[in-house]
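Trainee: Test case, fold it:
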Amino acid sequence: MYVCSCFGVTEKQVKDHADAGACTPRQIASASKAGTDCGSCVRRIQAILGRGNCPRRELLDQGMPALVSESDTVAELGEAA
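Mentor: Now for the predicted structure:
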């Protein structure tokens, strides 16, 4: 099923990017452009991401810094594609 009609991004693609480490709609957008045109899919992307397993989110929940450079995230997602 398509999540982003503007760029033809499917739910499977969003899940694949999430499995590769994307934890936020912005990181999904960096990897696939989903959510960067009309924005109507951002809530759906948020719902897919949910509060699942995200190493950076777990670090933040523990009060630890979880900064990762944007280029690292994009490189990780590119390898998964």
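Trainee: Number of residues surrounding R44?
Mentor: When neighbours are counted by other CB atoms under 10 Å, R44 registers 18. Where you see a C-beta, it was placed from the backbone N, CA and C, and this is true even at glycine.
Trainee: which intervals of the protein have sub-threshold pLDDT?
Mentor: 51-81 (pLDDT under 70).
Trainee: For the protein, which segments count as helices?
Mentor: Here the chain has its helices, by DSSP state H, at 11-19, 25-32, 42-49, 55-61, 70-80.
Trainee: and the direction of the first one versus that of helix 42-49, what angle?
Mentor: Orientation check (axes from the mean of the first three to the mean of the last three CA atoms, to 10 degrees): helix 11-19 against helix 42-49 gives 60 degrees.
Trainee: Packing partners of helix 11-19?
Mentor: When contacts are defined as 3 or more CB pairs under 8 Å, 6 or more residues apart in numbering; DSSP states H and E, helix 11-19 sits against strand 2-4, helix 25-32, helix 42-49, helix 70-80.
Trainee: tell me which residues in it are buried?
Mentor: The neighbour-count check on helix 11-19 (16 or more other CB atoms under 10 Å) flags 13-18 as buried.
Trainee: ok, so of those, who is nearest S40?
Mentor: V14 (14.2 Å; CB to CB).
Trainee: show me the contacts for V14.
Mentor: Residues counted as contacts of V14 (CB atoms under 8 Å, 6 or more residues apart in numbering) are 3, 28, 32, 34, 45, 48-49.
Trainee: How about L49?
Mentor: Counting by CB under 8 Å, 6+ apart, L49 touches 14, 18, 22-25, 28.
Trainee: most neighbours, which of these?
Mentor: Within the contacts of L49, neighbour counts (other CB under 10 Å) peak at I28, which reaches 29 neighbours.
Trainee: For that residue, give me its contacts.
Mentor: With CB under 8 Å, 6+ apart, I28 has these contacts: 14, 17-18, 22, 34-35, 45, 49.
Trainee: what would those look like in TSV with distance to G8?
Mentor: Shown next, in TSV, are the contacts of I28 (distance: CB to CB, whole Å):
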residue	distance to G8
V14	12
H17	14
A18	18
A22	18
A34	9
G35	13
I45	14
L49	19
